[in-house]
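> Build the 3D model from these lines:
(one chain, ligands or ions: 2)
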Amino acid sequence: MVAVDALAGLDDHQRVVATTWGGPLCVLAGAGTGKTRALTHRIAYGIQEGHYQPDHVLALTFTAKAASEMGTRLQGLGVRGVAARTFHSAALRQLQHFWPTVAGGRLPDISGAKGRLVAKALESLHLGVDTAILRDIAADIEWRKVHGLTIEQYQTQRQGTPGDVPGGMSVEAMASIHERYERVKDEASRIDFEDVLLATVGLMEENSQVLEKVRAQYSALLVDEYQDVSPLQQRLLDLWIGPREDVVVVGDASQTIYTFAGASSHYLLDFPIRYPGARVVKLEKNYRSTPEIVDAANSVVRGKPGALTLDPVSASGEPLHRHVAADDAGEAQYVATVVAEKIGQGVAPDDIAVLMRFGAQSLAIENALRQKSISYRVRGATAFFEEPHIRRAVMEIRGAFVAGVSGNLVSVVEDILFGLGLGPEAPDHHGAERSRYEDLAALRDLARAQAPNVTLAGFSEELAERSAAGDAPTLGALTLTTVHSAKGREWPVVFMIGLAEGQFPISYARSEEQIEEERRLFYVGITRAQRELYLSCAERSKEGSSQRQVSRFLEALGRP
Ligand code: ATP
Ligand code: MG
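Numbers count the residues shown, from 1 in each chain. Ligands and ions are numbered 1, 2, ... in the order given. Predicted coordinates:
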């Protein structure tokens, strides 16, 4: 049941998105213009008006966090039962469902990063390469798979552009690495990330009953962040949609940040060509950020293909902050000091994010935050749900639901968590006991935030989904994350660190295309900020190491 007026709080263009029925719809709009808002309100309104049935709606996006953001917004609108998933998790569920009957047996385990299997493949070919090339090889394998190419097709395609083969290797040598990789993976009874999508595509293409069942399950498809769709995901989407036209796509070409993984914004930009009857809506007002932040964002993508100028609606705020520190520790100190100041002024830690180009940059920041006793959450999200105390808690919460335990969600969950050692106060010292406390407290806070709208059944289901998607709760703590995982999200106060050449743009981005992707990533980063944006870098990693240049992206914004 939808409890809220689903059209309240939408501007005229957003209303069109929420109320246009009977055909494909494409929303082209810049960051913070309310694309996700319009999409979620459309779902709520569609349910209210009887156009949609909640369990037949599939809302898709690309990262676990963005899917959970969509889920939270839907919950806020009183919508229950709509699947808001990543392509990957939607495909995985279907695969898990159909695999035992169609393929027989259990679905093989999924291996995360490819590094180890690639290394094994190279070892069995007696090839030794350094880790940088290992990563390039893994990326090359992903590139082939997201383009849906067999190894033979890969060879033919690469022969046209042999310079694209990593490590200066011949096309044939690389093809044999691809082959060996697949074999090593099969022998280990594993499938990789792309296999999940490829196998789902295969199941639907080869089995009309599966295809019919899936299509009967999902009659309406909506895709957020559509600029990041890869050819393989598009193929999956085409199968899901079939001849129907109940499809809505929403995106911003300036935020395409996965071309390295095969994404292409042409699917978004050409949508009206593929669906000639499609209604196209543009949103131009930026509701998220101050005019100072919006100006900076506009200047980053001005003149770039598909770029839309954002028109800020909020009142002026403060100028952008810029800080060049002597070394990494100094930069971290700067960030931690400002964060402590903000928290002292009453800003909630949840309202602060520190964004970085790659995960390893968080160490210095973590140290500095710890010294000031500021809670943060950074670990790989999967690890959260793999902690034994969290597994246990999730199991017990599920057990309570299955056993039909009654009572309000918060007290049932708190009882379970207290039984697992969550005390009334945080232990003052750091270390294992403290992190265990914070983990359990994060589950408690999640339950508190969801009550009274969510039942024990709903909460237990949400934990299962979050655990499958690797989406750790981040309540009550500052967020430390990569810009890639920050996509679609927003915080009142944002720090972007490491804005030096070689870090952002990252050292291996050399071609013009790669630099443009870094630029779009920078655009995604700065457009996460609502009120305050802090941009910083360090001149060297530590005393005595080589000098870094300030990032071209930071320089181009000028000195505030
Ligand atoms: P991104 O491209 O970063 O994903 P987006 O276009 O999806 O951004 P939203 O996240 O939906 O934008 O909206 C940005 C912010 O502006 C949100 O806080 C949202 O609630 C707010 N917002 C959007 N539209 C309106 C509106 N009509 N009135 C008030 N606030 C709005
Ligand atoms: Mg969005």
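> Flag the shaky bits of this protein, pLDDT-wise.
The model of the chain has pLDDT under 70 over residues 1-4, 378-383, 428-432, 469-470, 474-475, 560.
> Right, and ligand 1 sits closest to which residue of the stretch 401-550 of the chain?
Among all residues of the stretch 401-550 of the chain, Gly488 sits closest to ligand 1, at 4.3 Å; criterion: Cβ to the nearest ligand atom. Just so you know, the C-beta spots here come from the backbone N, C-alpha and C atoms, and that holds for glycine as well.
> Now that residue. Its backbone dihedrals?
phi 80, psi -10 (degrees, to the nearest 10).
> what's the following helix or strand after the longest strand belonging to the chain?
Longest strand in the chain, counting residues (DSSP state E): strand 529-540. Tracing the chain C-terminally past strand 529-540 and defining elements by DSSP states H and E, one meets helix 552-556 next.
> so who does the most centrally placed residue in the chain touch?
Nearest to the geometric centre of the chain sits Thr63, at 2.5 Å (Cα atoms, centre = their mean). Contacts for Thr63 (Cβ atoms under 8 Å, 6 or more residues apart in numbering) come out as Thr86, His484, Ser485, Lys487, Gly488.
> Just the element for the third one, please.
Going back to what we said before, that points to Ser485. Under the criterion of DSSP H and E, Ser485 resides in helix 483-486.
> Buried residues of the top helix by length along the chain, list them for me.
In the chain, assigned by DSSP state H, the helix with the most residues is helix 432-450. Neighbour-count burial for helix 432-450, counted by 16 or more other Cβ atoms under 10 Å, picks out 436-447, 449-450.
> ok, the residue in the stretch 401-550 of the chain that ligand 2 sits nearest to to Ser545 distance?
Closest to ligand 2 within the stretch 401-550 of the chain is Gly488: 4.4 Å, counting by Cβ to the ion. Gly488 sits 35 Å away from Ser545, going by Cβ to Cβ, to the nearest Å.
> cool, and Arg302?
From Arg302 over to Ser545 (counting by Cβ to Cβ), the distance is 35 Å.
> can you tell me which residues contact the closest residue to Gln155 other than its chain neighbours?
Residue nearest to Gln155 in three dimensions, not counting chain neighbours: Ala175, with 4.9 Å by Cβ to Cβ, 6 or more residues apart in numbering. Counting by Cβ under 8 Å, 6+ apart, Ala175 makes contact with Ile151, Tyr154, Gln155, Arg158.
> residues in contact with the last one?
With contacts taken as Cβ under 8 Å, 6+ apart, Arg158 has the following neighbours: Asp164, Val165, Val171, Met174, Ala175.
> so which of those is the most crowded?
Counting neighbours by other Cβ atoms under 10 Å, Met174 leads the contacts of Arg158 with 23 neighbours.
> re earlier: what about the longest helix of the chain, distance to the chain center?
Centroid separation for helix 432-450 versus its chain: 22 Å, with Cα atoms, centre = their mean, to the nearest Å.
> Packing partners of that helix?
If you count contacts as 3 or more Cβ pairs under 8 Å, 6 or more residues apart in numbering; DSSP states H and E, helix 432-450 packs onto helix 388-402, helix 409-419, helix 456-469.
> can you list the ones you listed in JSON lines and add distance to ligand 1?
Shown next, in JSON lines, are the helices and strands packed on helix 432-450 (distance: least, Cβ to the nearest ligand atom, whole Å):
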{"stretch": "helix 388-402", "distance to ligand 1": "29"}
{"stretch": "helix 409-419", "distance to ligand 1": "26"}
{"stretch": "helix 456-469", "distance to ligand 1": "18"}
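> rewinding a little: neighbour count: Arg302 and Ser545, which is higher?
Per other Cβ under 10 Å, whichever of Arg302 and Ser545 has more neighbours is Ser545, with 12 against 9.
> from the contacts of Ala175, which two are the most distant?
Taking Cβ to Cβ, the two most distant members of these are Ile151 and Arg158; they sit 10.4 Å apart.
> Leu222 looks like it's in a strand, true?
Yes. Judged by DSSP: H, G, I helix; E, B strand; the rest coil, Leu222 forms part of a strand.
> how near is it to ligand 1?
12 Å (Cβ to the nearest ligand atom, to the nearest Å).
> Ends of stretch 356-365, what's the gap?
10 Å (Cα to Cα, to the nearest Å).
> buried stuff in that stretch?
Buried residues in stretch 356-365 (16+ other Cβ under 10 Å): Met356, Arg357, Gln361, Ser362, Ala364, Ile365.
> Make sure the first one is actually in contact with Val494.
This points to Met356. No. Between Met356 and Val494 there is no contact under Cβ atoms under 8 Å: 11.4 Å.
> Mutual contacts of the two, please.
By Cβ under 8 Å, 6+ apart, no residue touches both Met356 and Val494.
> can you list the residues of the protein near ligand 2?
Lys35, Thr36, Gly488 (Cβ under 5 Å from the ion).
> ok, the second one - contacts?
So that's Thr36. With contact taken as Cβ under 8 Å, 6+ apart, Thr36 is in contact with Glu69, Met70, Arg73, Asp224, Val250, Gly488.
> quick one on the thing from earlier: any idea how far Val294 is from the residue of the stretch 401-550 of the chain closest to ligand 1?
On the measure of Cβ to Cβ, Gly488 and Val294 end up 17 Å apart.
> Could you do Gln371 as well?
For Gln371, the distance to Val294 - Cβ to Cβ - is 35 Å.
> Between the two, which is the more surrounded one?
More neighbours surround Val294 than the other of Gln371 and Val294, with 25 against 12 (other Cβ under 10 Å).
> Now name the helix or strand holding that one.
Per DSSP H and E: helix 291-301 holds Val294.
> Give me the contact list for that helix.
30-32, 254, 286, 289, 307, 309-312, 314, 316-320, 519-520, 522-523, 526-527, 529-530, 533, 553, 556-557.
> For ligand 2, state which of the contacts of Arg158 is nearest.
Asp164 (31.8 Å).
> and that closest one, what is it in contact with?
Applying Cβ under 8 Å, 6+ apart, we find Asp164 in contact with Arg158.
> List phi and psi for it.
Dihedral angles for Asp164 - degrees, to the nearest 10 - are phi -80, psi -10.
> swap in the one 4 residues further on?
Gly168 has phi and psi values of phi 70, psi 20 when expressed as degrees, to the nearest 10.
> any idea how far the residue nearest to the centre of the chain is from Val524?
11 Å.
> Common neighbours of these two, please.
With Cβ under 8 Å, 6+ apart as the test, Thr63 and Val524 both reach Lys487.
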